[in-house]
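S.K.: with the input below, show me the fold.
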Amino acid sequence: MSLQDFNIEIVKNPDDSLKRQIAELTQVVFPPPPSYPLSYSGEMVGKLVETYNRIFSDKNKDPILVLAKNQEGKIVGFSFCYRENNLVFGHTLGVLENYRNIGIGSKLVTMVEDYYRDRGYNSFEAYCNDSALSFFEKMGFECSGCDSYYGWKIIKRLK
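M.R.: Take a look at the predicted model:
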């Protein structure tokens with residue numbers, strides 16, 4: 001399996017079904033701790049869909065969803081980003097565990113960077129957990145602090 005086996009595309013106007021699919025996939029990539037109640041997953045999917053609806057309805061945010069699909073059309077990775085003031089904010093980046101370490105995450109980040117750089121944005125900011133910090137550092141991000149809830153704050157200049 002190599003990166004060439006995947007179709008990676010930018011979606012500007014996802015339909016409700018795709019938003020829900022990405023929200024559900026988020027729960028697979030970032031599962032809640034075992035101590036959370038069973039209702040957490042369903043509630044979080046609903047909250048994520050609400051967030052997607054709010055952000056995609058605000059065209060000033062110039063939101064994008066970048067999808068990585070395997071040859072069967074299954075979504076195996078995604079990135080959801082949008083403009084916040086004069087910078088790009090990376091809301092979510094996730095790749096299913098069986099598809100990691102073949103370049104999908106790097107390609108998703110690169111496509112986001114290229115998209116927003118071409119539109120004149122010069123800064124990309126996100127939060128990540130401990131396990132993702134080294135990935136983002138390899139991608140040229142610098143850690144600029146830590147939030148007890150959101151995790152490591154990372155930033156990259158888009159030149």
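
S.K.: need the helices for the protein, in chain order.
M.R.: For the chain, the helices defined by DSSP state H cover 16-29, 39-57, 104-117, 130-138.

S.K.: to L96, which of these lies closest?
M.R.: Among those, helix 16-29 comes nearest to L96, with 6.4 Å by C-beta to C-beta. Where C-beta positions appear, they are placed from N, C-alpha and C, glycine not excepted.

S.K.: and the closest one, what does it pack onto?
M.R.: Contacts defined by 3 or more C-beta pairs under 8 Å, 6 or more residues apart in numbering; DSSP states H and E place helix 16-29 against helix 39-57, strand 75-84, strand 87-95.

S.K.: where among these is the average confidence lowest?
M.R.: Per-stretch mean pLDDT for the helices and strands packed on helix 16-29 is lowest at helix 39-57 (a mean of 87).

S.K.: hey, C-alpha coordinates of that helix in PDB?
M.R.: The C-alpha coordinates for helix 39-57 follow below in PDB (Å, rounded to 0.1, in the frame of the first residue of the first chain):
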ATOM      1  CA  SER A  39     -24.200   8.500  24.900                       C
ATOM      2  CA  TYR A  40     -21.000  10.500  24.400                       C
ATOM      3  CA  SER A  41     -20.400   9.200  20.900                       C
ATOM      4  CA  GLY A  42     -23.800  10.000  19.600                       C
ATOM      5  CA  GLU A  43     -23.800  13.400  21.300                       C
ATOM      6  CA  MET A  44     -20.400  14.300  20.000                       C
ATOM      7  CA  VAL A  45     -21.400  13.300  16.400                       C
ATOM      8  CA  GLY A  46     -24.300  15.700  16.700                       C
ATOM      9  CA  LYS A  47     -22.100  18.500  18.100                       C
ATOM     10  CA  LEU A  48     -19.500  18.000  15.400                       C
ATOM     11  CA  VAL A  49     -22.200  18.100  12.600                       C
ATOM     12  CA  GLU A  50     -23.500  21.400  14.200                       C
ATOM     13  CA  THR A  51     -20.000  22.800  14.100                       C
ATOM     14  CA  TYR A  52     -19.500  21.800  10.500                       C
ATOM     15  CA  ASN A  53     -22.900  23.300   9.600                       C
ATOM     16  CA  ARG A  54     -22.000  26.600  11.400                       C
ATOM     17  CA  ILE A  55     -18.600  26.900   9.800                       C
ATOM     18  CA  PHE A  56     -19.500  25.800   6.300                       C
ATOM     19  CA  SER A  57     -22.400  28.300   6.300                       C
END
